[in-house]
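In: take a look and give me a structure for this.
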Amino acid sequence: MELSKKTEQLIDALYSRRRHVELTIGIMKDGQKEIIHWNPERQEDEAELVYAVGSICKPFTTALAAKLVSEGKLDWDAPLSAYIDDLPEGYYPSLRRLATHTSGYSTQPYTMLTTIPFFLKMNREGGLFHTNPFRGYPTEEEMLEIIRTAKLKDRIYPFEYSNIGMSILGYIAGKVQGEGFWDAMDRYIKEDLGLQNTFLGNIDLTGYDKKDQPCRCWQWEKGDIIAPAGALNATISDLLDFAKINMDGSLPYLYMCHQFQAPLDKDNDSGLAWRLYKKQPVSWHTGSAGAFSCWLGFNRLTKTAVSVGINYGLVNAEQIGFSILLDE
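Out: Sure, this is the predicted structure:
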């Protein structure tokens, strides 16, 4: 794999300050995959690691929802109250606004009251790298209470990255399928996407925090409401295959996920979960889950895809990924 000087410098910086790096980079070009893994000694080997890919789960959630839209089971412009019973009369955001982070829901589901016990638990367990803040919270009833009590207006809100909003969308997709999000997504990954090393739940790979302390992956339970926003694990090879499916038209309904939906920031617009880079026809998403950082992006015109997996939290996998993809 030939990498630019800029990419090599980014990798040098990653290894210079950390002792346990497991770095995997994958590139797909002209339908061919090239994947390299570097171990903590920065030696290349054939290891095919499964990473906790965090929020890269969100494009999988909108892919499942897009399938259901194509089958007439969901409507992007219907309010969430069309799919959740016994909500009070009033305005509720559409599924499209949930999928584009323009619903008005806050970034996290926590209130001041629920934040205090979480931080006490996190401190006991060693910090955010070790503790999944979404394990067991919110419960289904607590999610419904968030929906009932949110004071929202019928408008497109400015982009605010919302784990709870995306999770409500996943909850609805699972409800419509009659099996819950977790089973619906596992079946979708296997039967529709054909990915063999992508799944919801927990992995054995050790991650590390900024002090080089070992951390197990964030732990998830099958009933966790926030699972649609971040409970996914995958190999770099499978992420490249997911990118290919999004590019090659084999599942035509995925095209809608990469159309402009709303403005995001000065460099990107919002698709359905995907971020759309303004300067080139690139769809991308980053993933961070405790002591893991990942990135997936692809050029919709050249059909080139890049994915990066690192077993350290809060490192810039996005910067490495873009340095490769924009250089192609």
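In: distance of Arg155 from Leu3?
Out: 45 Å (Cβ to Cβ, to the nearest Å). Glycine gets a C-beta too; all of them are placed from N, C-alpha and C.
In: cool, and Asp45?
Out: 17 Å.
In: just to revisit the earlier point, more neighbours: which of Arg155 and Leu3?
Out: Neighbour count, other Cβ atoms under 10 Å: between Arg155 and Leu3, Leu3 has more, with 17 against 11.
In: now what about stretch 134-141, what contacts it?
Out: 109-110, 114, 118, 145-146, 163-164, 171, 218-221, 223-227, 229-230 (Cβ atoms under 8 Å, 6 or more residues apart in numbering).
In: weed out the non-buried ones from these.
Out: The neighbour-count test (16 or more other Cβ atoms under 10 Å) applied to those identifies 109-110, 118, 146, 163-164, 171, 218, 220, 224-227, 229-230 as buried.
In: looking at those residues, which is nearest His130?
Out: His130 lies nearest to Trp218 out of the buried ones among the contacts of stretch 134-141, by Cβ to Cβ, at 8.4 Å.
In: quick check: the closest one is in a helix.
Out: No: going by DSSP: H, G, I helix; E, B strand; the rest coil, the assignment for Trp218 is coil, not a helix.
In: can you report phi and psi for it?
Out: Dihedral pair for Trp218: phi -50, psi 140, per degrees, to the nearest 10.
In: now swap in the one 5 residues further on and tell me
Out: Recorded main-chain torsions at Gly223 are phi -90, psi 0, according to degrees, to the nearest 10.
In: and it, what is it in contact with?
Out: Each residue near Gly223 by Cβ under 8 Å, 6+ apart is listed here: 140, 180, 182.
In: distance of the second one from Gly201?
Out: As judged by Cβ to Cβ, Gly180 and Gly201 stand 14 Å apart.
In: now do the first one
Out: From Glu140 over to Gly201 the distance is 19 Å, taken as Cβ to Cβ.
In: these two: which is more packed in?
Out: Taking other Cβ under 10 Å, Glu140 and Gly201 do not tie; Gly201 has more neighbours (17 against 10).
In: ok, Met247 touching Phe298?
Out: Yes: assessed by Cβ atoms under 8 Å, Met247 is found in contact with Phe298 at 6.0 Å.
In: joint contacts of the two?
Out: Ala305.
In: show me which of these two is the more surrounded one.
Out: Each of Met247 and Phe298 has its neighbours counted (other Cβ under 10 Å); Phe298 has more, 26 against 22.
In: so where does the more buried one fall, helix or strand?
Out: If you go by DSSP states H and E, Phe298 is part of strand 293-299.
In: for the stretch 101-250 of the chain, which segments count as helices?
Out: Counting by DSSP state H, counting those that start in this stretch, the stretch 101-250 of the chain has helices at residues 112-125, 140-149, 163-177, 180-187, 227-230, 236-248.
In: contacts for the last one, please.
Out: Meaning helix 236-248. Applying Cβ under 8 Å, 6+ apart, the contact partners of helix 236-248 are 24-28, 31, 33, 35, 48-49, 51, 53, 56, 59-60, 63, 193-198, 234, 251, 254, 257-258, 283, 294, 296-298, 300, 303, 305, 307-309.
In: which positions in it come out as buried?
Out: Residues of helix 236-248 classed as buried: 236-247 (neighbour count, 16+ other Cβ under 10 Å).
In: can I get it in CSV? Just the C-alpha atoms.
Out: What follows is helix 236-248, C-alpha atoms only, in CSV (Å, rounded to 0.1, in the frame of the first residue of the first chain):
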residue,chain,number,x,y,z
ILE,A,236,-12.1,-3.1,8.1
SER,A,237,-12.8,-5.5,5.2
ASP,A,238,-16.5,-5.6,6.1
LEU,A,239,-16.7,-1.8,6.3
LEU,A,240,-15.2,-1.6,2.8
ASP,A,241,-17.8,-4.1,1.6
PHE,A,242,-20.5,-1.9,3.1
ALA,A,243,-19.1,1.1,1.3
LYS,A,244,-19.2,-0.9,-2.0
ILE,A,245,-22.8,-1.8,-1.5
ASN,A,246,-23.6,1.9,-1.0
MET,A,247,-21.7,2.7,-4.2
ASP,A,248,-22.6,-0.1,-6.7
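In: in TSV, list the contacts of Gly223 along with pLDDT.
Out: TSV is the format used below for the contacts of Gly223 (pLDDT from 0 to 100):
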residue	pLDDT
Glu140	96
Gly180	97
Trp182	98
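In: ok, so of those, who is nearest Asp12?
Out: Trp182 (40.0 Å).
In: low-confidence bits of the stretch 151-300 of the chain, can you list those?
Out: Applying pLDDT under 70 to the stretch 151-300 of the chain flags no residue at all.
In: quick one: closest of the helices of the stretch 101-250 of the chain to Lys67.
Out: Each of the helices of the stretch 101-250 of the chain has some distance to Lys67 by Cβ to Cβ; the shortest is helix 163-177, at 8.8 Å.
In: noted, bye for now.
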